[in-house]
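>>> 3D, please:
(chains A and B)
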Amino acid sequence: MSRATSTPETMLDLQFASGFSASVSAALWITIASIFGSLLLLLYTLELRFHRRLRERRRASVIAHWRAIIADAVTGGAAIAATPMLRRGERQEFLRLWVYTRSMVEGAAADRLIALARRLRLAELARKHAMGSHLAAKLTAIQALGYLRDADSFAALSAATDDTNALVSVTVAEALASIDATRAVARLIPKIATRRDWPRTHVFKVLQRAGSAAIGEPLYRCIRAAAEDDAAYLLQFVEIAEFDVRDALAIELLRTRQSPEVLAGALKIATGHVVVPRIDELVGHPAWYVRMQAAKLLGRMGRAEDAGRLERLLADEEWWVRFRAAKALVRLPGLGPRSLEQIRMRLLDRYARDILGQVIAEAGAR
Amino acid sequence: MSSDLAHAIEWAFLAYFAAINIAYLVQCLFAVRSVRRYLKSSAVDDLDPAYSTVHLPISLVVPAYNESKSIVTSVKALLQLEYPDFEVVVVNDGSTDDTLEKLISAFQLYVYPEAYRRQVPCGAIRATYRSARYRNLRVVSKENGGSKADACNAGINVCRNPLVAIVDADGVLQRNSLMRAVRPFLENPETVAAGGAIRIANGCTLREGFLERVALPKNPLALMQVLEYLRSFLFGRMGWEPLRAVLIVSGAFGVFRRTTLIEVGGFDPRAVGEDMELIVRIHRIMKQQRRRYHIGFIPDPVCWTDAPETLMDLGSQRARWHHGLGQALMLNRWLMLNPRGGTVSWLAIPFYVVFELLGPVIEALGFVFFLTGGTFGLIAWADAAVFLVLALSLGLLQSVCAIMLEEFSFPMYRKPRELALLYAAALLENFGYRQLTVWWRLKGLARWLTGRRHKWETITRSASVGTG
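All right, here's what the predicted structure looks like:
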């Protein structure tokens, strides 16, 4: 039979399934294929398990050997110069162990760990892996360079802050902040608003690692110059900055900006140690989150003369504003349980009375 | 003529089998990709044990109805979770046993004038309690609303944090479950809900409400469910995640943005499968409002739950799930093939309708056709046998895929004997268990079509859970 005239029956009419109709033949072949597929997957699963076991065993042996040496280095119990060199198969695991331990210690213990790393030429290994393609190894290596404060890697790592992989670029950012905080923040802070793909947890870590003293000035300048949306985004990170920077920025933004998100952010960063402008206007702002932040700030400021403002906010239409106003009111100096109860009794609004009752009970339980 | 008809039906079944299995295999490939990406991205977090300062505060809402036996242990375990800022809100949904009394005595609860907001509908709240021992524990006592959804809504009204985690009172969480489950919210601000893999606790050893040792259950029904859960969570949900089309976040443990819950009206007390209905509704409302959003899923085993060990309990659960599926799809039918619905409307919903909702009907028809066809001589017995073996082998392939994914992601069953047992279950489930589930799902379908209502369901607990 020619190819042109072949039917589904003939196409599937292989010798093995020749006694069946086309549909049954097809079913038979799919069955064989799926059983074969299942067997392949079974073998692959076994292989995965075998390799995992092997990896875990090797890892356990490396860890058992090097953990004691690392612990000695942390406590200063042994001479680092006498440490044996790393063997080829131990390097990656040691790097992970070193990074893990280094992330938990600071001060003299960290210095001794860095000395151990120098003795074992860890920086060279980390630089090599940091340029590699294996993601987990690359990330560990970048972290190691940061913890080693390896100034020689600063330029090469800086270029990687533009890496499209957010995890790589943000890990690089963390490492740079550890190596040279001042240089790092100058480069990184203008990038934060544009790299919204950087997980915020990591951005906080970068800024924390750089330290509140180093980030204050660049963050202040960057937010002042930023558009409303970027300024609102950046404001969440200002909480790490020093108090005077936070207050100066809050006052500046409350004077000049109109966006509710920026106003709420500015009220949030204000420490309460200085009086901020426009507070009367902000407690009546149309956006509830601005009113809520204003109530919280009044609580932080703790001035007895704000009691009237807070009393009015107790009757706000938004529960959060009422709750925060009640919390702030309870914290005001000079208002004891009796005065608070008197305020509660004279409130005409049921919701205001309820929320103050709740917060008084909450404070009493403390 | 009858032979032609039989052939046509054979081809139809073959086409269905091929379509469903291609769909599952594609899902499996997507799942492998998602798991790989997840494992890579978690590499940094695993290395750095330092807590971040910016974890979003979470309210854990624990709906409880007649949970007297396990509630105290469960709440104590929840209070010990590793997370910087969280509160626990237990909602006692008018239990007829001494659930509330036990809570009052164990945690020194006292009545407290909570000025809660009724932002989503729920039954009347009788009283709110605070613990004198744990500042982050509150208990809400309410009239019985007849459903878990109603209890969850009361919890949503009372809780205060931006994220709300709904946790089953008998669920066993890992100590780091919250740290894990919050990751999708931190990494993507568009995330409105997230879930994680749920595993079967039967056979495991618990101490003080936490998992001490993982093992496979000895009960064969529970063992089959281990496999089903692997298929459903690692393969099903991880496969839909990159397509932004996750349709279910398990009711046993799910985290939601509180504002989203309020915007969509909370859980629907009419819904039998309130967990799925909520997620499908979130998809619908977000799509209708043309908003960007993300529903995340992580493959980490975040919660361990007790599986039913009797045919009656299991049958009732499966019928309820299928009833819930039909109802959730019907209530949100706007999504079906809607031009604005994207992958949810064009892939996920049609998949769930054709392969999940109607799957038992087609599978049952297949069994009936090949058995009666063989009996009455319409088709040869050998042909019928080939199709039955085909169904078996394709089922086996799916299970083997799921076991592979487990090994690839977070292997929990480490002993060679356990792996062998899982493979044995993958084979044996095709003889009886699978047919039973088809029957239970058909019952669920019938209940949905006839509009029967479900209430709180009590499952006989295995001895392993809630002890210690």
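>>> chain neighbours aside, what residue packs nearest to residue 240?
Picking chain A for this. A:L207 (5.1 Å; C-beta to C-beta, 6 or more residues apart in numbering or on different chains). (Glycine included, C-beta is placed from N, CA and C.)
>>> my bad, chain B
B:V246 (4.8 Å).
>>> quick check: the one you found vs chain A, distance?
20 Å (C-beta to the nearest C-beta, to the nearest Å).
>>> can you read off the pLDDT for B:F387?
Note for B:F387: predicted pLDDT of 85.
>>> my guess is it is in a helix, correct?
Yes - B:F387: assigned to a helix according to DSSP: H, G, I helix; E, B strand; the rest coil.
>>> looking at it, it is touching A:A26, isn't it?
No - using C-beta atoms under 8 Å, B:F387 is not in contact with A:A26; the gap is 10.5 Å.
>>> shared neighbours, these two?
Listed as contacting both B:F387 and A:A26 by C-beta atoms under 8 Å, 6 or more residues apart in numbering or on different chains are B:L14.
>>> and the residue nearest to B:W240, what does it touch?
B:G195, B:R237, B:W240, B:I279, B:I295, B:G296, B:F297.
>>> out of the residues you listed, which are inside helices?
Secondary structure defined by DSSP state H assigns B:W240, B:I279 of the contacts of B:V246 to helices.
>>> between the contacts of B:V246, which is closest to chain A?
B:G296 (13.0 Å; C-beta to the nearest C-beta).
>>> about what we covered before: next step: the contacts of B:V246 restricted to strands.
B:G195, B:I295, B:G296, B:F297 (DSSP state E).
>>> out of the residues you listed, who's nearest B:S34?
For the ones in strands among the contacts of B:V246, the minimum distance to B:S34 (C-beta to C-beta) is 8.1 Å, reached by B:F297.
>>> surely that closest one and B:R237 touch.
Yes - judged on C-beta under 8 Å, B:F297 makes contact with B:R237 at a distance of 4.8 Å.
>>> mutual contacts of these two, please.
With C-beta under 8 Å, 6+ apart as the test, B:F297 and B:R237 both reach B:G195, B:V246.
>>> which residues of the stretch 351-468 of chain B lie near chain A?
Counting by C-beta under 8 Å from any C-beta of the partner chain, the positions of the stretch 351-468 of chain B adjacent to chain A are B:382-383, B:386-387, B:389-390, B:393-394, B:396-397, B:400-401, B:403-404, B:407-408, B:411, B:419, B:423.
>>> derive a ChimeraX selection command for the buried subset of those residues.
This is the ChimeraX syntax for the buried subset of those, where burial follows 16 or more other C-beta atoms under 10 Å in any protein chain shown:
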select /B:383,386,387,389,390,393,394,396,397,400,401,403,404,407,408,411,419,423
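>>> for A:V203, give me its contacts.
Contacts of A:V203 by C-beta under 8 Å, 6+ apart are A:V170, A:A173, A:I192, A:F237.
>>> who wins on neighbours among those residues?
Highest neighbour count within the contacts of A:V203, by other C-beta atoms under 10 Å in any protein chain shown: A:A173, with 31 neighbours.
>>> excluding its backbone neighbours, what's nearest that residue?
Nearest non-adjacent residue to A:A173 (C-beta to C-beta, 6+ apart): A:V206, at 4.7 Å.
>>> same check on A:A186?
Closest to A:A186 by C-beta to C-beta, 6+ apart is A:P218, at 6.0 Å.
>>> check for me that the one you found belongs to a helix.
Yes - secondary structure of A:P218 (three-state DSSP): part of a helix.
>>> what's the neighbour count on it?
Count around A:P218 with other C-beta under 10 Å applied: 18.
>>> could you do B:L311 as well?
11.
>>> again, but for A:I114
19.
>>> pretty sure it contacts A:D150?
No - applying C-beta under 8 Å as the test, A:I114 and A:D150 come out as separate, 9.4 Å apart.
>>> which of the helices and strands in the chain ranks last by mean pLDDT?
You didn't say which chain, so I picked chain A. helix A:8-11 (a mean of 46; mean pLDDT, DSSP states H and E).
>>> wait, chain B
helix B:43-47 (a mean of 54).
>>> show me what from the stretch 151-300 of chain B comes close to chain A.
Residues of the stretch 151-300 of chain B lying near chain A (C-beta under 8 Å from any C-beta): B:R160, B:L186, B:E187.
>>> quick one: mark the members of those residues that sit in helices.
B:L186, B:E187.
>>> make CSV from the residues of the stretch 151-300 of chain B next to chain A and add neighbour count to it.
As requested, those are exported to CSV (neighbours: other C-beta atoms under 10 Å in any protein chain shown):
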residue, neighbour count
B:R160, 16
B:L186, 16
B:E187, 19
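>>> can I get the residues of the stretch 151-300 of chain B next to chain A in CSV with pLDDT?
Formatted as CSV, these follow (pLDDT from 0 to 100):
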residue, pLDDT
B:R160, 88
B:L186, 80
B:E187, 78
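>>> just the helices in the stretch 151-300 of chain B please.
B:177-181, B:183-187, B:220-229, B:238-240, B:258-263, B:274-288 (DSSP state H, counting those that start in this stretch).
>>> what helix or strand is the residue most central in space within chain A located in?
Closest to where the C-alpha atoms of chain A average out (C-alpha atoms, centre = their mean) is A:T201, at 1.3 Å. Here A:T201 is covered by helix A:200-210, with elements defined by DSSP states H and E.
>>> okay, that helix in PDB with CA atoms only?
This file holds the C-alpha atoms of helix A:200-210, laid out as PDB (Å, rounded to 0.1, in the frame of the first residue of the first chain):
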ATOM      1  CA  ARG A 200      11.900  45.200  50.000                       C
ATOM      2  CA  THR A 201      13.300  43.000  52.700                       C
ATOM      3  CA  HIS A 202      16.600  42.900  50.900                       C
ATOM      4  CA  VAL A 203      16.600  46.700  50.400                       C
ATOM      5  CA  PHE A 204      16.100  47.100  54.100                       C
ATOM      6  CA  LYS A 205      19.000  44.700  54.700                       C
ATOM      7  CA  VAL A 206      21.200  46.700  52.300                       C
ATOM      8  CA  LEU A 207      20.400  50.000  54.100                       C
ATOM      9  CA  GLN A 208      20.800  48.500  57.500                       C
ATOM     10  CA  ARG A 209      24.100  47.000  56.600                       C
ATOM     11  CA  ALA A 210      25.300  50.500  55.300                       C
END
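>>> returning to that earlier point: looking at the helices of the stretch 151-300 of chain B, which one has the lowest mean pLDDT?
helix B:183-187 (a mean of 84).
>>> by contact count, what packs against that one?
Other elements packing on helix B:183-187 under the criterion 3 or more C-beta pairs under 8 Å, 6 or more residues apart in numbering or on different chains; DSSP states H and E are strand B:191-200, strand B:294-305.
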